[in-house]
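> Okay, structure incoming, though there's no sequence with it:
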């Protein structure tokens, strides 16, 4: 659909000449004076308004004033034979996108209109993006009505406006980053950066540089100065996921930042001060780690100012139908496929399942269902057999609800036995590959290769 342009000019030959030049590419409307322009602005939605400055009666400035007040306000371009710097500045102050002197250079006009439309599209996309972000990360965008989730969101609501450091605890896949986003989106830092760092994904020798930056020549390969994530998050929020995985050296620098709000880049002794709100997340017991000497006790207490514990999905069973409906609809729309529906028995089976991978596992299940079934009704026998027999997983202690590592039993192939060993270790350690590898007595690299070979083992 072509863009719509309103031309306002009291000179007949100018109006019609511009119409002739533009009508092939645009839907053009004409107005002889500001009053006619006001009527058209009330009746139609215009993308661009091209108005003369000097007209009998009201000035073209009044057209700009009226246009920018419209809910769907167009981009305005001023035309005048009295082109002065003062008039150009005034037109811009009143909201004009650009300024053009008469006689109008048609080639330049085409360029201005093209740029104006591009600018308008960019602005609309930015507004739409902020609206989507606000919806996605506001409290309303978090799916669920259970009491356990409600208590979490109430705590988030209380904490979000503050600058306090927040520690998010919970199993892998419970939505810790989503809650961190909600804290940011509901704070006064909403229009400033939200920077996320997954600490376990970075080797210890790179994590310090990634967080705090480095100077040129600080180490082999440091060919130029680099700004770290703390500086990138200035005036915003820095989210450190899997904080329990950081090494001792980085823990010391993080503690110093929490105490002084300053740090030094790697290879420098000059302090850098930033305003950053810190939100950390872990699927490990930091207090227990600190008692073992595996995590600094003083850092733990600096992080544990406000703690928010996220419930596993098995403690939010009433939310499962809502989450499934949400994800089935979302993935059907994203893949342009018909929606899948579940029979009551299928839904009951899914509610009885323990979901060891939490929301991440449920989301992947829904995407798989949408892509493979491509519409229609799904009953309990159409799903993976694991949903039909929701027994307590191996190694779950009934009192503590904590996975306990037990070797698999039964006559299985060598490959199946190896899979079960790996799976049990990953379940016990809540998906922490470093701990699982230590438990099994293998290297983390070996475990990573196995998970790549058998993706079904990935509990994250």
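Nice, I can see it. From a predicted model like this one, the values you see are computed outputs, not experimental measurements.
> residue boundaries of the helices in the stretch 1-150 of the chain?
12-22, 34-43, 60-68, 85-93, 106-137, 147-159 (DSSP state H, counting those that start in this stretch).
> Buried residues, the first one. List them.
The one in question is helix 12-22. By neighbour count on 16 or more other Cβ atoms under 10 Å, the buried set for helix 12-22 is 14, 15, 17, 18, 21, 22. No exception for glycine: its C-beta is placed from N, CA and C like everyone else's.
> on that earlier part again, and among the helices of the stretch 1-150 of the chain, the most buried is which?
Ranked by mean neighbour count under mean count of other Cβ atoms under 10 Å, those are led by helix 60-68, which reaches a mean of 21.
> could you check the angle helix 34-43 makes with it?
For helix 60-68 against helix 34-43, the angle by axes from the mean of the first three to the mean of the last three Cα atoms, to 10 degrees is 10 degrees.
> Can you add distance to residue 122 and give the buried residues of helix 12-22 back as JSON lines?
Output for the buried residues of helix 12-22, formatted as JSON lines (distance: Cβ to Cβ, whole Å):
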{"residue": "14", "distance to residue 122": "30"}
{"residue": "15", "distance to residue 122": "29"}
{"residue": "17", "distance to residue 122": "30"}
{"residue": "18", "distance to residue 122": "25"}
{"residue": "21", "distance to residue 122": "25"}
{"residue": "22", "distance to residue 122": "22"}
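> And the helices in the stretch 201-350 of the chain, which stretches?
So, for the stretch 201-350 of the chain - with DSSP H, counting those that start in this stretch - the helices run 204-212, 229-232, 248-260, 286-291, 297-303, 320-334, 344-352.
> Provide a list of residues in contact with residue 52.
For residue 52, the residues meeting the contact criterion (Cβ atoms under 8 Å, 6 or more residues apart in numbering) are 8, 9, 10, 11, 14, 60, 79, 80, 102.
> Find the nearest non-adjacent residue to the third one, please.
Take residue 10 and drop its neighbours on the chain: the residue closest to it by Cβ to Cβ, 6 or more residues apart in numbering is residue 55, 4.3 Å away.
> quick one: which of the helices of the stretch 201-350 of the chain is nearest residue 44?
helix 320-334 (31.6 Å; Cβ to Cβ).
> Flag the shaky bits of the stretch 101-250 of the chain, pLDDT-wise.
124-141 (pLDDT under 70).
> 80 instead?
Where the stretch 101-250 of the chain drops to pLDDT under 80, the residues are 119-141, 205, 217-223.
> coming back round to it: export the helices of the stretch 1-150 of the chain as JSON lines, with columns for distance to residue 279.
Below are these laid out as JSON lines (distance: least, Cβ to Cβ, whole Å):
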{"stretch": "helix 12-22", "distance to residue 279": "52"}
{"stretch": "helix 34-43", "distance to residue 279": "46"}
{"stretch": "helix 60-68", "distance to residue 279": "39"}
{"stretch": "helix 85-93", "distance to residue 279": "41"}
{"stretch": "helix 106-137", "distance to residue 279": "13"}
{"stretch": "helix 147-159", "distance to residue 279": "10"}
